[in-house]
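Undergrad: sharing a model that was predicted from the sequence below.
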Amino acid sequence: MLFPELEQELQDARHNLKRANTENIFDRCKHFLGLLAEYRNKLYELEVPEQTVPAALPKGALDRKAIREAIETTTRERNRTQVLLLSFTTISGYEAVEIFNERKYKGHEDWELRASGVKFRGGHDEDLMTIQEAVDLASLLRREDHIAQNSLTAHVSSPAGL
């Protein structure tokens with residue numbers, strides 16, 4: 001371990017992100033991304049020539065291959081987490097309609113995007129959502145799907161569902 005305290009914080013943040021709910025997943029993604037950035041910066045500092053590395057680091061800390069692998073792993077986690085966060089925050093009206101149709105939201109798979117908003121074919125005015133309402137709802141549905149998938153994966157991968 002190169003930075004034990006920070007690595008423990010990362011592990012805790014990763015665990016918390018996996019246990020997120022629809023209300024706190026944004027904050028947990030952002031917190032994890034912040035820690036990943038801090039860790040990655042510290043790893044980059046270790047790549048400098050040995051003469052400039054602080055004496056406080058352990059002898060084995062300068063294994064260039066291990067540092068490089070840690071940077072690559074951190075970069076992959078950062079990219080994966082950024083994509084996850086973006087999948088919740090950059091939904092268009094068209095994507096909202098797709099999500100509603102895939103889920104058969106409110107029993108309909110014929111949702112349409114119109115200039116006036118989003119509604120299912122043949123719906124009445126009270127069924128009409130603004131595009132922003134549809135996007136917000138689609139984000140919530142996508143977060144729920146992600147959390148349900150995470151929960152299922154955690155349940156299946158842990159022995160006896162622990």
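TA: That came in fine, so what should we check first?
Undergrad: what domains does the record give for the protein?
TA: Following automatic domain parsing, one gets these domains for the chain: 4-89, 93-161.
Undergrad: columns mean pLDDT and mean neighbour count on top of the ones you listed, output as CSV?
TA: From N, CA and C alone the C-beta is placed, and that goes for glycine too. Formatted as CSV, these follow (pLDDT from 0 to 100; neighbours: other C-beta atoms under 10 Å):
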stretch, mean pLDDT, mean neighbour count
domain 4-89, 87, 14
domain 93-161, 90, 14
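Undergrad: dihedrals phi and psi, Ser116?
TA: phi -80, psi -10 (degrees, to the nearest 10).
Undergrad: check contacts around the nearest residue to it once chain neighbours are set aside.
TA: For Ser116, ignoring the flanking residues on the chain, the nearest one in space by C-beta to C-beta, 6 or more residues apart in numbering is Leu128 at 6.4 Å. Contact analysis of Leu128 by C-beta atoms under 8 Å, 6 or more residues apart in numbering lists 116-119.
Undergrad: so which of these is the closest to Glu7?
TA: Val118 (44.7 Å; C-beta to C-beta).
Undergrad: returning to that earlier point: got the phi/psi numbers for the residue nearest to Ser116?
TA: For Leu128, the backbone dihedrals (degrees, to the nearest 10) come out as phi -70, psi 130.
Undergrad: likewise for Glu23?
TA: phi -80, psi -30.
Undergrad: repeat that for Arg121.
TA: Main-chain torsions, Arg121, degrees, to the nearest 10: phi -60, psi 130.
Undergrad: didn't it look like it was pressed against Glu112?
TA: Yes: counting by C-beta atoms under 8 Å, Arg121 touches Glu112, with 6.1 Å between them.
Undergrad: still on that earlier bit, among the contacts of Leu128, which one sits closest to Gln132?
TA: Gly117 (8.9 Å).
Undergrad: list the contacts for the closest one?
TA: 128-131, 133-134.
Undergrad: mind redoing it with 6 Å?
TA: With contact taken as C-beta atoms under 6 Å, 6 or more residues apart in numbering, Gly117 is in contact with 128-131.
Undergrad: repeat for Asn79
TA: Per C-beta under 6 Å, 6+ apart, neighbours of Asn79: none.
Undergrad: any idea how far Thr90 is from Leu10?
TA: Note on Thr90: its distance to Leu10, by C-beta to C-beta, to the nearest Å, is 25 Å.
Undergrad: same check, this time on Ser116
TA: 46 Å.
Undergrad: test my guess that Ala96 contacts Glu133.
TA: No: Ala96 is beyond contact range of Glu133, at 9.1 Å (criterion: C-beta atoms under 6 Å).
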